[in-house]
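S.K.: below is the sequence, then the predicted model.
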Amino acid sequence: MNRKILAITFVLTFLATAVVSAAEPRWQKIINANEYRYYFDTLTISYGKTAPKSTRDEVKIDKNVIKFYAQEVYVNPQDIAEKLQQINNSVNWGSVAYSVEACEYDVKNKKICQKDISFFDTNGTYIGTVTRNTWHNIVPGSDEETIYNYIIQYAKDHNKELKQRS
């Protein structure tokens, strides 16, 4: 009897551990760089949508566009605070710890659009935003390319989920 209880306890513990380890965290780490750790939000990543040419056209999912939120947690926040202070000295950036930005990939042309970046302290308190909306090419061999390749593979592996969110 005790062996049965022990065996059942072991199996239930194993199954519970397997389920917990199979669940993805919301913010999934992609890369550890010298200046930051880079994460993306697995709950909001989605495909873009086609722009209708007329009111009769149907809006369709565009798998050439991948949208997601990225988070950078700074290794040396004082370095980024100094750079931000030069951009906008009307904000006290001294307590910056991480940032969140909306990103969009043009898969076909291997480009990224980095949108407004919001900055937060270690408690998650909003500090300020740097406004931008710029497209640029993904540089081969860069951290950006590593991140790009990871996101593209994630989209392929989670195609159904991305379609549902789009």
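M.R.: Arrived safely, thanks for sending.
S.K.: could I get the buried residue list for the host helix or strand of residue 145?
M.R.: Using DSSP states H and E, the element containing residue 145 is helix 143-157. Neighbour counts using 16 or more other CB atoms under 10 Å place 143, 144, 147, 148, 150, 151, 154, 155 of helix 143-157 among the buried residues. (Glycine included, C-beta is placed from N, CA and C.)
S.K.: got it, and stretch 124-134?
M.R.: In terms of neighbour count (16+ other CB under 10 Å), stretch 124-134 has its buried residues at 127, 128, 130.
S.K.: repeat for stretch 26-44
M.R.: Using 16+ other CB under 10 Å as the test for burial, stretch 26-44 gives 27, 30, 36, 37, 38, 39, 40, 42.
S.K.: tell me the bridge partners for the fifth one.
M.R.: If I follow you right, that is residue 38. residue 31, residue 72 (DSSP bridges).
S.K.: and it, how far from residue 141?
M.R.: 16 Å (CB to CB, to the nearest Å).
S.K.: can you list the weak-confidence ranges in the chain?
M.R.: In the predicted model, the chain carries pLDDT under 70 at residues 1-24.
S.K.: and the strands in it?
M.R.: Secondary structure of the chain (DSSP state E): strands at 27-32, 36-41, 46-49, 61-74, 98-106, 111-120, 126-130, 134-137.
S.K.: packing partners of the first one?
M.R.: Where contact means 3 or more CB pairs under 8 Å, 6 or more residues apart in numbering; DSSP states H and E, strand 27-32 is packed against strand 36-41, helix 143-157.
S.K.: spatially nearest residue to residue 108 (excluding sequence neighbours)?
M.R.: Nearest residue to residue 108, sequence neighbours excluded (CB to CB, 6 or more residues apart in numbering): residue 64, at 4.9 Å.
S.K.: ok so, going back, could the buried residues of helix 143-157 go into CSV alongside distance to residue 117?
M.R.: CSV is the format used below for the buried residues of helix 143-157 (distance: CB to CB, whole Å):
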residue, distance to residue 117
143, 16
144, 15
147, 15
148, 18
150, 20
151, 17
154, 21
155, 22
